[in-house]
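Enquirer: Here is a sequence with its predicted model. Questions after.
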Amino acid sequence: MEANLVDKSVIETGEMVLNMGPQHPSTHGVLRLKIHTDGEIVSQIEPVIGYLHRCFEKHCEKLSYEQIVPFTDRCDYLASMHMDHAYSIAVEKLLDIELPDRVEYIRVIIAELQRIASHLVAVGTFGLDVGAITPFTWTIRDRERVLDLFETLCGARLLYNYIWPGGVSHDLPPKFIERALDFLDYFDPQIDELNNLLTTNKIFIERTADVGILPPEVGINFGVSGPSLRGSGVNFDLRKNEPYSIYSKFDFDVPVGKGEMGTIGDTWDRYYVRVLEMRESAKIIRQACAELPGGDVHAALPKKIRPNAGEVYGRYESARGDVGFYIMSNGKNIPMRVKMRSPAFCNLSVLSEISEGWMISDVIAILGSLDIVLGEIDR
Amino acid sequence: MTFDEIVALLDTKASGKTSVIEGKTVISVSPENWSEISAILKNESKLNFDYLMCISAYDKGDNKVYGAAYNFYSTVNNHYLEVRVEIEDGISIPSVVELWKAADWHEREAYDMMGLKFEGHPDLKRILLSDDWEGYPLRKNYKEPDYYHGLPVPKDKSYWD
């Protein structure tokens, strides 16, 4: 990392604190960054979070297990299905119930579609952050198709309340599988176009390659997870390493950063891992659609959720990383404590570490490559 | 390593300083021993818990005992461990920020929400709530304030009907 871009013997520089946000187009929500700078060079960043705090965990202590699902929806509003799925898996672990095969397949199809939708936003807004306007409109257009699919599924476009502990709210609507496969046929060439337009664009590479390098051991120490950690070359994906649901049945790869354009773990790597992951998700959806079994999706829905006293820690690989739900039960129909381990919360905590020595404009690129969602950080 | 093997190894390294909570696969450590045990968890090569997933602060509901549950994972050895440190109100827990940087924000959150104090934390201040907030909202005995900065806090719908 080149930290001494300014020769201090010639130019006198003093530390300045620059406020970015809470209202700033590049902070992806209401995030405030107190940036300590030396000239244009960043020496330290203090992220100030909590502007979107909605007392999720306090609410959970007053609601029954079923009633929490709409709240988990609103945590990560770009990947609501993942949050519902993560929460449902944790509750099912606590209840120790087996799900019908059809439910598991539907959940996987939906979760991977959601991953595509979420990564499309991540990739598009990242381009936007570094000055590429057109790819954003393209990715949002494609994401709209996924949202349309979800609308036929449960009537909602963003906050679904679809995956419930013990099952899903509705069976798939007629022709859903055909429509999903149609979308994939349309979508595969779009990734190539995106690569032509953005990934291999010279200006884009200049802005992102070799910038904001996250060494793997630093990432692990800070609890970074998901595509942001895999961009540093760490081959860790819960879907592969500890398959939950039925992921062990599918054949897919875990893309990791290889430093093709610069150094392993730079912002370009983190970006490109997301692009490759969309292809892998498409692969999983095709396999799941081909094998989708029949059955009643409501067969395992419990009439009343009242787990025995105990606690569970459920892990889940969401679009942003490793979501954890730590649920403590005291045998009542409302949980005693629900703690959500938010992946973006941990990913954001590494920002100061990897931004040190870079320019302010690079901070925008680094922040964009971490793909944070403030709804999930602040809960 | 399985849970029993981890417990046996901890027993040989630091005898009598950890105990297994009855009926659970959870280790309980008292705050005095926590710095020593946490260093063993991180540095002992057979354990090598390099990934601190989560710190969950909890309230037992008796206005006296509060606790922190640490969920560890080892990316090298691929095993898990849950450790609990329980304290009486007002006693602080040794911070583990030196070992796991991830603990920095998690400990701040535990302080913010549950009022747990972590000794040795470099900058223990509120993280999600504003600095001038009074009380610790996730405690079971927390009462919503009637006023915030002199403004009445609406408690039912009649306020805006």
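Expert: Yes, it's here.
Enquirer: can we go C-alpha only for contacts and neighbour counts from here?
Expert: Will do.
Enquirer: what does chain A put close to chain B?
Expert: Residues of chain A lying near chain B by CA under 8 Å from any CA of the partner chain: A:48-51, A:53, A:57-58, A:220-223, A:324, A:326, A:337, A:339, A:341, A:346, A:349, A:378.
Enquirer: Neighbours of A:Leu370, how many?
Expert: By other CA atoms under 10 Å in any protein chain shown, 24 other residues sit near A:Leu370.
Enquirer: Next, the spatially closest residue to it that is not a sequence neighbour: phi, psi?
Expert: Spatial nearest neighbour of A:Leu370, excluding adjacent residues (CA to CA, 6 or more residues apart in numbering or on different chains): A:Ser228 at 5.9 Å. Dihedral pair for A:Ser228: phi -60, psi -40, per degrees, to the nearest 10.
Enquirer: Cross-check the contact I'm expecting between A:Ser228 and A:Ser369.
Expert: Yes. Applying CA atoms under 8 Å as the test, A:Ser228 and A:Ser369 come out as touching, 7.5 Å apart.
Enquirer: Find the residues that touch each one of those two.
Expert: A:Arg270 (CA atoms under 8 Å, 6 or more residues apart in numbering or on different chains).
Enquirer: which residue packs closest to the residue in the stretch 151-300 of chain A that chain B sits nearest to, ignoring adjacent ones?
Expert: With CA to the nearest CA, the shortest gap between the stretch 151-300 of chain A and chain B falls at A:Phe222, namely 4.1 Å. For A:Phe222, ignoring the flanking residues on the chain, the nearest one in space by CA to CA, 6+ apart is B:Ala102 at 4.1 Å.
Enquirer: give me every residue that touches that neighbour.
Expert: Here B:Ala102 is in contact with A:221-223, A:346, A:349, B:52-53 (CA under 8 Å, 6+ apart).
Enquirer: same thing with B:Pro137?
Expert: Contacts of B:Pro137 (CA under 8 Å, 6+ apart): A:58, B:113-114, B:143.
Enquirer: and which of those residues is nearest to B:Asn63?
Expert: B:Met114 (11.4 Å; CA to CA).
Enquirer: What spatial separation is found between the closest one and A:Glu291?
Expert: 47 Å (CA to CA, to the nearest Å).
Enquirer: Next secondary structure after the host helix or strand of A:Leu153?
Expert: If you go by DSSP states H and E, A:Leu153 is part of helix A:134-154. The helix or strand immediately downstream of helix A:134-154 is strand A:163-164, counting by DSSP H and E.
Enquirer: After that following strand, which helix or strand is next?
Expert: Using DSSP H and E, the first helix or strand after strand A:163-164 is strand A:167-168.
Enquirer: buried sites along the following helix or strand past that next one?
Expert: Where DSSP H and E defines the elements, the next helix or strand beyond strand A:167-168 is helix A:176-194. Using 16 or more other CA atoms under 10 Å in any protein chain shown as the test for burial, helix A:176-194 gives A:177, A:180-181, A:183-184, A:187, A:191, A:194.
Enquirer: how many other residues sit next to residue 73?
Expert: Since you didn't name a chain, this refers to chain A. 26.
Enquirer: was after chain B, sorry
Expert: So B:Tyr73, with other CA under 10 Å, has 20 neighbours.
Enquirer: Leaving out chain neighbours, which residue sits closest to it?
Expert: B:Tyr80 (4.6 Å).
Enquirer: What residues does chain B have near chain A?
Expert: B:50-54, B:56, B:58, B:100-103, B:105, B:127-130, B:137-138.
Enquirer: now with 7 Å?
Expert: B:50-54, B:56, B:58, B:100-102, B:127-129, B:138 (CA under 7 Å from any CA of the partner chain).
Enquirer: need the strands for the chain, in chain order.
Expert: The chain I'm using is chain A. A:15-20, A:32-38, A:41-48, A:163-164, A:167-168, A:310-317, A:322-329, A:337-341 (DSSP state E).
Enquirer: not quite, I wanted chain B
Expert: Counting by DSSP E, the strands of chain B are B:18-20, B:27-29, B:51-59, B:65-73, B:80-88, B:93-94, B:118-119, B:147-148, B:151-152.
Enquirer: The fifth one pairs with which strands, parallel or anti?
Expert: Pointing back at strand B:80-88 there. Sheet pairing for strand B:80-88, assigned by DSSP bridges, gives strand B:27-29 (parallel), strand B:65-73 (antiparallel).
Enquirer: Check the model's average confidence along the shortest one for me.
Expert: So the one you mean is strand B:27-29. Per-residue pLDDT values over strand B:27-29 give a mean of 87.
Enquirer: again, but for the last one
Expert: Per-region confidence: strand B:65-73 scores 90 on mean pLDDT.
Enquirer: How about stretch B:139-156?
Expert: Mean predicted confidence for stretch B:139-156 is 83.
Enquirer: hang on, isn't A:Met83 packed against A:Phe71?
Expert: No. Using CA atoms under 7 Å, A:Met83 is not in contact with A:Phe71, being 9.4 Å away.
Enquirer: Report the contact partners of the residue nearest to B:Tyr73.
Expert: B:72-74 (CA atoms under 7 Å, 6 or more residues apart in numbering or on different chains).
Enquirer: A:Met278 too?
Expert: A:Ile116.
Enquirer: quick one on the thing from earlier: quick one, which of B:Met114 and A:Glu291 is more surrounded?
Expert: For B:Met114 versus A:Glu291, the count of surrounding residues by other CA under 10 Å is larger for B:Met114: 23 against 11.
Enquirer: So, low pLDDT: which residues of the chain?
Expert: All of this is about chain A. For chain A, residues meeting the criterion pLDDT under 70 lie at A:1-6, A:8, A:11-13.
Enquirer: right idea, wrong chain: chain B
Expert: B:159-161.
Enquirer: list the contacts for A:Met340?
Expert: By CA under 7 Å, 6+ apart, the neighbours of A:Met340 are A:324-326.
Enquirer: re earlier: out of the contacts of B:Pro137, which sit inside helices?
Expert: A:58, B:113-114 (DSSP state H).
Enquirer: out of those residues, who's nearest B:Val20?
Expert: Looking across the ones in helices among the contacts of B:Pro137 and measuring by CA to CA, the closest to B:Val20 is B:Met114, at 24.3 Å.
Enquirer: what's around A:Gly295, how many residues?
Expert: A:Gly295: 12 neighbours (other CA under 10 Å).
Enquirer: residues touching it, list them.
Expert: Here A:Gly295 is in contact with A:Arg102 (CA under 7 Å, 6+ apart).
Enquirer: let's see 8 Å
Expert: A:100-102.
Enquirer: and what of A:Glu98?
Expert: A:92, A:300.
Enquirer: Quick check: phi and psi at it.
Expert: phi -100, psi 140.
Enquirer: any idea how far it lies from A:Glu92?
Expert: 8 Å.
Enquirer: again with A:Lys339
Expert: Where A:Glu92 is concerned, A:Lys339 sits at a distance of 16 Å (CA to CA).
Enquirer: What of B:Ala102?
Expert: 28 Å.
Enquirer: Centroid-nearest residue for chain B?
Expert: Centrality entry for chain B: nearest residue to the mean C-alpha point is B:Ala68, 2.7 Å, by CA atoms, centre = their mean.
Enquirer: I'd say that residue and B:Arg84 touch.
Expert: Yes. Here B:Ala68 reaches B:Arg84: they are 5.7 Å apart, a contact under CA under 8 Å.
Enquirer: Now do the helices in chain B.
Expert: Going by DSSP H, chain B shows helices at B:3-13, B:31-43, B:103-114.
Enquirer: Report the inter-axis angle for the second one versus strand B:65-73.
Expert: In other words, helix B:31-43. Angle, helix B:31-43 to strand B:65-73, by axes from the mean of the first three to the mean of the last three CA atoms, to 10 degrees: 10 degrees.
Enquirer: Dump the C-alpha coordinates for helix B:31-43 into PDB.
Expert: The C-alpha trace of helix B:31-43 is given here as PDB (Å, rounded to 0.1, in the frame of the first residue of the first chain):
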ATOM      1  CA  PRO B  31     -15.100 -13.100  34.300                       C
ATOM      2  CA  GLU B  32     -11.800 -13.500  36.300                       C
ATOM      3  CA  ASN B  33     -10.700 -16.400  34.200                       C
ATOM      4  CA  TRP B  34     -12.000 -15.100  30.900                       C
ATOM      5  CA  SER B  35      -8.800 -13.400  29.600                       C
ATOM      6  CA  GLU B  36      -6.800 -16.500  30.200                       C
ATOM      7  CA  ILE B  37      -9.300 -18.900  28.600                       C
ATOM      8  CA  SER B  38      -9.900 -16.600  25.600                       C
ATOM      9  CA  ALA B  39      -6.200 -16.500  24.900                       C
ATOM     10  CA  ILE B  40      -6.100 -20.300  25.000                       C
ATOM     11  CA  LEU B  41      -9.100 -20.500  22.600                       C
ATOM     12  CA  LYS B  42      -7.400 -18.300  20.100                       C
ATOM     13  CA  ASN B  43      -3.800 -19.300  20.400                       C
END
